[in-house]
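>>> whatever this is, show me its structure:
(2 chains)
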Amino acid sequence: MAESPLIRAQRLSRRYGERLAVQDLSFELQRGEVLGFLGLNGAGKSTSLNLLSGNLRPDSGQVWIAGHDLARASRAARARLGYLPEHPPLLRDLRVDEYLRYAARLHGVARTRLTIAVDEAKVRCGLEAVGRQLIGTLSKGYQQRLGIAQAIVHQPDVVLLDEPTVGLDPAQIRDIRSLIRELGHDHAVMLSSHILPEVEALCSRVLILHRGRVVFSETMDSLSGDHDTLQVAFARPPALDQLAALEGVVTVEALGGGRFRLRQDRPVADALTRAAVERDWGLTELAPQQRGLEQMFVELTCADEPHKEAAG
Amino acid sequence: MIGVIAWRELRNLWLSPLGWGVAAVTQLIQGLVFYRLVQAYQAAPVTEGVKAGVSYNIAGLFLGTTGYLGLLLVPLLTMGLISGERRQRSLTLLTSAPVSPADIVLGKYLGVLGYLALLLALLAVMPLSLSTATTLDLGLLAAAWFGVFLLLAAYTALGLFCSAWAARPATAAAATVVVLLLFWVGEMLTGTGITWLDAALHYLAVFQHYEPMLRGEVDTADVSYFLVFIGLFLALAVQRMRAEGERP
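Residues are numbered from 1 along each chain as shown, chains lettered A, B, ... in the order given. Modelled structure (predicted):
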């Protein structure tokens, strides 16, 4: 980690009138990291990305992009930044090629490198076939891809993606996810989402935002190391205490319909399957649960109604 | 960067039905005006063996009409420049790019100006065609052309400013027309008896500064009037673009 962080945000705050949209957002992001911004709708994800991309001025706090102060050295900072906003900023009357060339030129790609840069962005986003097409006639999925293409056409150090897979079909989602993973190798990528599996699959770190505050910030590794929960289901479910008696089981929770959630302090899968066969419970399901993100997310974002900190 | 944005804007007009429509309407109306002017000139009496100058009576008046036509057509060209992009949500492409608010405003301004210059160049062909039949005062023609260009450039600056402020293109167009009309009819309000107010109204009236150029008189005071007008509204537009980051 000799390199300085590509994004450094320090105590960013922004309010809309009385409502506090983002409060005290601080984090750093290095090259090679993919950071997921999770939150319910209205948690402040888009506002945060707008602040980080320089499209919204913070009430207080600072952002550095690759060492350049976004407020003072705005041009240098923005040149290193690619941004896909919530609504892709497409010019519907242009053809895909024209649009990408324009976006590249705006971001300072030299005229001589233009064709290479545009072709590369098109290949990466799967847009080769539609280069001559008018943007207004593209399907939602292609428009979304084009939105990503304009964010990466100038090879920025930092890529900010606001809900990049929204409106895509499953095949496209898979493509875009592999693209984001690829981008994560040599850029710093930040994406917002409210789709948990997406963040789990893509991100090396996650920030959970709730009512404008960061309520959770952890690396994915530290979460996935947490295989301490098993979900099991039986056709002929045993009594709770029979399960609790198994070696390694800490607690058992009945979920109804023959389903149980087991907390373990050492792996119990082996003992459990053996017991299930011997006693004829009819094991139908055995799934290790990444106690992790989903549980964490639900606990942090749904539990605290009525909400205590007043906006004022 | 200004050049990139200006070129894009010019291409947009080139690609849009609006750009072609405005060009076609202008050519049609101006063609009719030209025909009428030539007809009227031919019918005009010869007094004391001298006929009034063809350069002003046809070419000057012809280009003068463009000034009125521009009142309606320029707002159409400028209304969407910024508010249209804001509505389409494509403005983020510019505001996220390493370009300043001034780059955006000047780029868009110069793009439209390029289009207007082309349009006026095409219009100039009509009066110039008279030189096959008579000797034209090319100096007067150049002055008149320059005057119309300055006038349309001033309209464009105002239109761009309105587009930067308005939430939707139609509002921008309406605001532009209304303000332009005020600059045209402001002169009628003179006669208040308050000397400084009359002088101010007189000075602000666009016509005062535009009409002499149609007769071939280019006065630096008049040129400055237009340059200040343009500079003021462009600066206000830049100011508005700076504030773009303040609102959600």
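>>> got the contact list for the helix or strand bottoming out on mean pLDDT in chain B?
Ranked by mean pLDDT, DSSP states H and E, the weakest helix or strand in chain B is helix B:54, scoring a mean of 80. The contact list for helix B:54 (C-beta atoms under 8 Å, 6 or more residues apart in numbering or on different chains) reads B:41, B:130, B:134, B:136. All C-beta atoms are positioned from the backbone trio N, CA, C, and that covers glycine.
>>> roughly how far is that helix from the heart of the chain?
Distance, stretch centre to chain centre, for helix B:54: 25 Å (C-alpha atoms, centre = their mean, to the nearest Å).
>>> repeat for stretch A:78-93
18 Å.
>>> wait, does that stretch make contact with chain B?
Yes: using C-beta under 8 Å from any C-beta of the partner chain, stretch A:78-93 reaches chain B at A:78-79, A:81, A:83, A:85, A:87-93.
>>> so which residues on the stretch 51-200 of chain A come close to chain B?
A:53-57, A:74-79, A:81, A:83, A:85, A:87-94, A:102-103, A:105-108, A:150.
>>> list only buried entries from these.
Neighbour-count burial (16 or more other C-beta atoms under 10 Å in any protein chain shown) applied to these gives A:53-57, A:74, A:77-79, A:81, A:83, A:85, A:88-91, A:94, A:102-103, A:105-107, A:150.
>>> of these, which belong to helices?
Taking DSSP state H as the definition of helices, those contribute A:74, A:77-79, A:102-103, A:105-106, A:150.
>>> Three-state assignment for the residue nearest the centre of chain B, please.
Against the mean C-alpha coordinate of chain B, by C-alpha atoms, centre = their mean, the closest residue is residue B:152 at 0.9 Å. With DSSP: H, G, I helix; E, B strand; the rest coil as the basis, residue B:152 sits in helix.
>>> if I pick it, what's in contact with it?
B:66-67, B:70, B:74, B:116, B:120.
>>> which one of the ones in helices among the buried ones among the residues of the stretch 51-200 of chain A next to chain B is nearest to residue B:13?
Within those, the smallest distance to residue B:13 is 14.8 Å, found for residue A:102 (C-beta to C-beta).
>>> my guess is the closest one meets residue B:8, correct?
Yes: between residue A:102 and residue B:8 a contact is recorded at 5.5 Å, counting by C-beta atoms under 8 Å.
>>> ok so, going back, list only buried entries from the contacts of helix B:54.
Buried members of the contacts of helix B:54, counted by 16+ other C-beta under 10 Å: B:41, B:130, B:136.
>>> circling back to that earlier point, now the residues of stretch A:78-93 next to chain B as a markdown table including distance to residue A:161?
Output for these, formatted as a markdown table (distance: C-beta to C-beta, whole Å):
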| residue | distance to residue A:161 |
| --- | --- |
| A:78 | 16 |
| A:79 | 18 |
| A:81 | 12 |
| A:83 | 8 |
| A:85 | 9 |
| A:87 | 13 |
| A:88 | 10 |
| A:89 | 13 |
| A:90 | 15 |
| A:91 | 20 |
| A:92 | 21 |
| A:93 | 25 |
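>>> so of those, which ones are in strands?
Mapping the residues of stretch A:78-93 next to chain B onto strands (DSSP state E) picks out A:81, A:83.
>>> can you point out the buried residues in the helix or strand hosting residue B:26?
Under the criterion of DSSP states H and E, residue B:26 resides in helix B:17-43. Neighbour counts over helix B:17-43 (16+ other C-beta under 10 Å) mark B:19, B:22-23, B:26, B:30, B:33-34, B:37-38, B:41 as buried.
>>> same check on stretch A:33-41?
In stretch A:33-41, counting by 16+ other C-beta under 10 Å, buried: A:33-39.
>>> same check, this time on stretch B:117-137
Neighbour counts over stretch B:117-137 (16+ other C-beta under 10 Å) mark B:117, B:119-120, B:123-124, B:126-127, B:130, B:136-137 as buried.
>>> show the end-to-end separation of that stretch, please.
End-to-end distance for stretch B:117-137: 21 Å, by C-alpha to C-alpha, to the nearest Å.
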